[in-house]
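Asker: 3D, please:
(2 chains)
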Amino acid sequence: MAKRLLGALIFGSAVAMAALQPTSTWAKDVVRVRVAEYSTKTGPFFQGLAEKFNAANPDIEVKVEHLPWPEMQQQLVSDISAGTAPDISHMATRWMAGFAKDGALAPIESLMSPGFADTFVPTYLDLQKQDGHTWGLPIAASARGMFYNKKLLEKAGITNPPKTWDEAFEAAKKIDALGDDIYGMGMQGKDLDTEGYWFYSLWTHGGAIIGPDGKSGFASPEAVAATKNYLRFIEAKATQPGVTGSSREDLQNLFAAGKLGIVLSGPWLNAQMAEQGKDIDYGISQIPISTVSATYGVTDTISILETSKVKPQAMKFLEYIFSKENRLEFGKLEGFVPVLKSESTEPFFTDNPKMAVFLEMGPVAKFAPLFPRWEEMADGLKSELAKIYAGEATPEAGLQAAAEKMNALLAEK
Amino acid sequence: MSAIDSSTPIRTATLRRSGAAQSNSLFALILVAPCLLLSVTVIGYPIFDVIRMSVFDVSRIGIVREFAGFGNFIKTFSDPVFVQACWQTLVWTVAVVGGTMLVSIPIALILNEDFYGRTIARTIVLLPWAISLAMTAVVWRYVVNGDFGTLNMTLSALGLPFDGYPWLADARMAFILEILVGILVSVPFTVTILLGGLTSIPETLYEASAIDGASPLHSLRYITMPLLWPFMQIAIVLNVIYVFNSFPIIWIMTNGGPSNRTDILITYIYKQAFAFGKLGNAAAGSVVMFAMLLVFAVIYLYLTKARGAQDDV
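Answerer: From the prediction side, this is the model:
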């Protein structure tokens, strides 16, 4: 009996060895990739890319996980601290600075094939650099423009879309007078990107986030003028009601429902309009100006993590994502601005009236600074802006408080 | 609790100094050891880790750097938003728990009466419990939406001037709405506890007092209320613990805004940790919250112990 048991044991372990052996010789390098969803199409798109890549590279297996944006930051922070981070992760470029500083990301300049970096539009790749290293690749880039409802403008007797803030103010007042549930210009005061909405006015008034002295530019005379510019819209009731309760989505929903005359937004609104606002005839033009032309440029980053044991393989997949045809397909799917030089000349971008403005505005795009503490500075600003928009603080006092908070955080470094 | 309860048999056992009893209690200890160990690891470790992080400088990815002493606490307490969030947490907890009790007592009294369709009524009252808190908050966020929300649609259909009224734009109004939603989701739990209390009151007391000529109002005042009081205490303490810690309603409806005026401690801590990457400050805030809740947990233990003792008599 015992002999048979021993025999069975030996046989069993031999089978197990045999079973283990081939897997270790054929072991594939697994690359875990995490992407955030811009739309329901993002996940399947990257899944498809991974399948094609895996088929062409039998020794590498790319596994794609996709998460909604709001969960990305928390998930990434917890995974990095628990040591379970993926090899490649998607993130907002403004988080990248903090992660890079804390040593969570791998510099990729030495991993890239020669000449690969030159395929990018320099503005967007330069944003991924800090302290002499490249910390990721610009997976998405967008500039912002002014969306206007053609029919409402026409009804209000406006022939050309407003080019300056004064024209926009007059137009908003006229559109707002069209009816009780028609509003002139959308004004954001809540949630993600509230500060971005204010930057349009700041930059077109010649202001800057960082002043020439290296300190906060939030309380500069230009910033005060930019804020008063928005306040006149609110005080004249030429915006949607309840600015401090309106998020970016709220404004976009109003515009898609045909209730809003003008809203400042990015190319993703095209995708929403194609689904929810099919019968709305709208145009896109440049952000209104006061003294200079400007727009808010934002990029998202895809990085390799420092803890990854398969960095070269991960880089190989990244280079595959950033091939011209794959990027073009992604651009068409999600409506982002081209980040590769070769993409920029494609007729899809240049001849498409719904995309051309974002390309035109590229050269005047300004970006949020890459400070590790930027999220907190932006939150301080957002909080003060809500007080100013609600009429509880003067622009001067509110902006002064936001600038002081930012300066204190700058001094902390 | 369990430690206090079990101390009595152990003490008598050692007094007797009987070898059999001693090995018995040792055997019992061995039997509960795995369970105890599991509880200590699962409950104790996170608490230990939070306390550790609160006195160290922690990077945004959780790397513990040098010892910071009370630095994180000082930073946290000197943040005006933290102090503001403390006050708002107090308002939030008192308002939600107070409101819940005021609503739940009459509901429980009614549901305790025998009437046609009582089972249906009880089910309806318990329903909000079956829906996840996050989902309830999302639904209410849409209901109170200024332009597309059903609340404004209903109010305007009634001829009231609420067309496009932005409920969540004003911090005070937003906070009131959140408190109302908080009350709504706390009622089922509270009613259940109170109903349990009401069924435990013997019917004979009411019959005897009715014979002595007590009006229904009198029996409510002198029989129901005093006998329900221990259950109300427990409902209050447990609700305080739940509500104090409740995250989804505020996070989803207003994200703590406008201008941090609806932030409570838990949303403040979440922002510190996951939006700003200040894990040390978040840990310090958590320790402060933990200390506050510990007080209520001790009160709860004291109350249930007092009750247990009463029941034994």
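
Asker: which residue packs closest to residue 150, ignoring adjacent ones?
Answerer: All of this is about chain A. Among residues not flanking residue A:150 along the chain, residue A:281 sits closest, at 4.6 Å (Cβ to Cβ, 6 or more residues apart in numbering or on different chains). Yep, even glycine has a C-beta here, placed from its N, CA and C like the rest.

Asker: Correction: the question concerned chain B.
Answerer: Closest residue to residue B:150 apart from its sequence neighbours, by Cβ to Cβ, 6+ apart: residue B:143 at 5.3 Å.

Asker: quick one: contacts for the one you found?
Answerer: For residue B:143, the contacting residues are B:149-151, by Cβ atoms under 8 Å, 6 or more residues apart in numbering or on different chains.

Asker: Among those residues, which lie within helices?
Answerer: B:150-151 (DSSP state H).

Asker: Most neighbours among the contacts of residue B:143, which one?
Answerer: Counting neighbours by other Cβ atoms under 10 Å in any protein chain shown, residue B:149 leads the contacts of residue B:143 with 21 neighbours.

Asker: Quickly find the element holding the closest residue to chain A within the stretch 1-150 of chain B.
Answerer: Closest contact between the stretch 1-150 of chain B and chain A, by Cβ to the nearest Cβ, is at residue B:62 (2.5 Å). Using DSSP states H and E, residue B:62 falls within no helix or strand.

Asker: just residue A:304 next, same as before
Answerer: Residue A:304 belongs to strand A:298-304 when assigned by DSSP H and E.

Asker: how far away is residue A:144 from chain B?
Answerer: Residue A:144 is 22 Å from chain B, where distance means Cβ to the nearest Cβ, to the nearest Å.

Asker: what does the domain assignment say about chain A?
Answerer: Using automatic domain parsing, the domain parsing of chain A gives A:30-142+A:298-366, A:145-296+A:373-412.

Asker: Which stretch among those is buried most, on average?
Answerer: domain A:145-296+A:373-412 (a mean of 20; mean count of other Cβ atoms under 10 Å in any protein chain shown).

Asker: so how far is it off the chain centroid?
Answerer: Relative to its parent chain, domain A:145-296+A:373-412 has a centroid offset of 17 Å by Cα atoms, centre = their mean, to the nearest Å.

Asker: How about stretch A:304-324?
Answerer: So, by Cα atoms, centre = their mean, the centroid of stretch A:304-324 is 21 Å from its chain's centroid.

Asker: Need the contact partners of that stretch.
Answerer: Stretch A:304-324 is contacted from outside by A:29-31, A:33, A:46, A:49-50, A:53, A:57, A:60, A:62, A:80, A:83, A:85-89, A:103-106, A:108, A:111-113, A:116, A:119-120, A:136-137, A:139, A:302, A:326-327, A:330, A:339-340, A:342-343, using Cβ under 8 Å, 6+ apart.

Asker: hey, what's the nearest residue to residue A:88 once chain neighbours are set aside bridged with?
Answerer: Excluding the flanking residues, the one nearest residue A:88 by Cβ to Cβ, 6+ apart is residue A:33, at 4.4 Å. Here residue A:33 sits in beta bridges with residue A:64, residue A:88, going by DSSP bridges.

Asker: Quick one: residues contacting residue A:33.
Answerer: Applying Cβ under 8 Å, 6+ apart, we find residue A:33 in contact with A:46, A:50, A:62-65, A:86-89, A:314, A:317.

Asker: quick one, strands of the chain?
Answerer: Answering for chain A, as no chain was given. Counting by DSSP state E, the segments of chain A that form strands are A:29-37, A:60-68, A:88-92, A:129-130, A:133-134, A:137-142, A:145-149, A:183-185, A:260-265, A:282-285, A:295-296, A:298-304, A:365-366.

Asker: Chain B, not that one
Answerer: Secondary structure of chain B (DSSP E): strands at B:56-58, B:64-67.

Asker: which one of the ones you listed is the most hemmed in?
Answerer: Counting by mean count of other Cβ under 10 Å, strand B:56-58 has the highest mean neighbour count of those, with a mean of 19.

Asker: still on that earlier bit, ok, so of the contacts of residue B:143, who is nearest residue A:388?
Answerer: Using Cβ to Cβ, residue B:149 comes nearest to residue A:388 of the contacts of residue B:143, at 25.8 Å.

Asker: so what's the closest one up against?
Answerer: Applying Cβ under 8 Å, 6+ apart to residue B:149 gives the contacts B:142-143, B:167.

Asker: mind running it again at 7 Å?
Answerer: By Cβ atoms under 7 Å, 6 or more residues apart in numbering or on different chains, the contact set of residue B:149 is B:142-143.

Asker: For it, give its distance to residue A:315.
Answerer: Using Cβ to Cβ, to the nearest Å, residue B:149 is found at 49 Å from residue A:315.

Asker: Run through the residues that contact the nearest residue to residue B:255 once chain neighbours are set aside.
Answerer: Using Cβ to Cβ, 6+ apart and skipping residues adjacent in sequence, the residue nearest residue B:255 is residue A:191, 5.9 Å away. Applying Cβ under 7 Å, 6+ apart to residue A:191 gives the contacts A:247-248, B:255.

Asker: Kindly report the residues of chain A close to chain B.
Answerer: Proximity of chain A to chain B (Cβ under 7 Å from any Cβ of the partner chain) is limited to residues A:73-74, A:77, A:80-81, A:98-99, A:102, A:104, A:180-181, A:189-191, A:241-245, A:253-254, A:259, A:375-376, A:379, A:383, A:386-387, A:390.

Asker: among the residues you listed, which are in helices?
Answerer: Using DSSP H, these in helices are A:73-74, A:77, A:80-81, A:98-99, A:253-254, A:375-376, A:379, A:383, A:386-387.

Asker: Select from the domains of chain A the stretch with the lowest mean pLDDT.
Answerer: Ranked on mean pLDDT, the bottom entry among the domains of chain A is domain A:30-142+A:298-366, at a mean of 91.

Asker: what's the span of that one, first residue to last?
Answerer: For domain A:30-142+A:298-366, the first-to-last residue distance is 38 Å (Cα to Cα, to the nearest Å).

Asker: How far does it sit from its chain's centre?
Answerer: Centre-to-centre, domain A:30-142+A:298-366 and its host chain are 11 Å apart (Cα atoms, centre = their mean).
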